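1. the following block contains a protein sequence and its predicted model.
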Amino acid sequence: MTITVAGNKKEYPDGLTVAALLAAENVETPEYVTVSLNDDFVPGDSFDQTVLGDGDEVEFMYFMGGGR
Amino acid sequence: MPFTNDQLQRYSRHIILQEVGAKGQRKLCEAKVLIIGAGGLGAPAALYLAAAGIGTIGIADADEVDLSNLQRQVIHTTPDVGKAKVLSAQETMNRINPEVTVKTYRTFVMADNIMELIADYDFILDGTDNFPAKFLINDACVLAGKPFSHAGIIRFKGQLMTYVPGQGPCYRCVFREPPPPDAVPTCKQAGVIGAMGGVIGSLQAMEAIKYILGKGDLLTGYLLTYDALKMDFRKIRLPRRDTCAVCGKSPTILAPFDYAQAVCELG
Ligand SMILES: [Zn+2]
């Protein structure tokens, strides 16, 4: 299947979960990343159960605490 | 009161812009913007807002200038080391533009003072470096109905978003609650490229100026992310969270509150 991850089209096997995608994309501290799927937030406790499908658009939002 | 000749000269590159004009410059000269944190983000933002002639600029920070600040906090200079950041910032801003009134607040911004602090301002800039402060600013601005710019920077990355009351999601919609201390890296631990504050802090100033002018599209409902190594700017569309604890349909946060965090985290 083809999904769009942070704006880039990528090929992934069917049945991929959000949690597996976070691992495959080497996302740092995945437990503190906000994920949106097709313009809806994915609840943090359901990354394991949320299965992605062809054409899905996924975005990652990261904590950035610096500023001073 | 009409502009003086000096003012017409000083602001000529603004006034000539169709989107600004004398009317827009007047709005800028009458506006009040509060910058919380006189550091990597707040420094460049303060410089541009002062240069733009924002009538009243408030700046809040409890710290003194440290040698390790100077790699990015361009409003402070080497002779300022040891001086209160708000005073150093005020001096620089007034050297750039003696017409702006700079109000200094040498204090940590906390739940017990933030509502009073933001009450008098039209737009607030979050230039803080820690999550408790970022959530506090968000909650207070949502509760008080104040527009604000959130930003964060780390390593070669930065991001910002703009909240306007009644439009689009707030910071808490996206991030829910602060991560546990040390769960995600801070600038102090991870470093940050100095120019990143210049890029993102200047964008915050730009959002404030556009809001005051009432021109263009703000970053409401979007998170702008910048990856300097990939030289990639992205606007991520943000969903709204109806269950948001502060701006959702049945909010549970009805007053600002402080998250416990050791003071050493604040530097
Ligand atoms: Zn919200």
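-> Here it is on my side, so go on.

2. and residue B:233, what are its phi and psi?
-> The phi and psi values for residue B:233, taken as degrees, to the nearest 10, are phi -100, psi 130.

3. quick one, what contacts residue B:133?
-> Residue B:133 makes contact with B:36-37, B:109, B:126, B:266, according to CB atoms under 8 Å, 6 or more residues apart in numbering or on different chains. Backbone N, C-alpha and C define where each C-beta goes, glycine included.

4. wait, which of these is closest to the ion?
-> Taking CB to the ion as the measure, the ion sits nearest to residue B:126 out of these, at 14.7 Å.

5. quick one, what contacts the closest one?
-> Residue B:126 neighbours (CB under 8 Å, 6+ apart): A:67, B:36-37, B:41, B:133-134, B:137-138, B:148-151.

6. of these - the most surrounded one?
-> residue B:41 (37 neighbours; other CB atoms under 10 Å in any protein chain shown).

7. surely it touches residue B:201?
-> Yes: contact criterion CB atoms under 8 Å: residue B:41 and residue B:201 qualify, at 4.0 Å.

8. for residue 53, helix, strand, or coil?
-> I went with chain A, as the question did not name one. coil (DSSP: H, G, I helix; E, B strand; the rest coil).

9. the residue lying closest to it once chain neighbours are set aside and residue B:50, how far apart?
-> For residue A:53, ignoring the flanking residues on the chain, the nearest one in space by CB to CB, 6 or more residues apart in numbering or on different chains is residue A:1 at 6.5 Å. Distance from residue A:1 to residue B:50, counting by CB to CB, to the nearest Å: 52 Å.

10. between those two, point out the one with more neighbours.
-> residue B:50 (26 against 14).

11. on that earlier part again, among the contacts of residue B:133, which ones are in strands?
-> B:36, B:126 (DSSP state E).

12. quick check, nearest of the contacts of residue B:133 to residue A:17?
-> If you rank the contacts of residue B:133 by distance to residue A:17 using CB to CB, residue B:126 comes first, at 33.8 Å.
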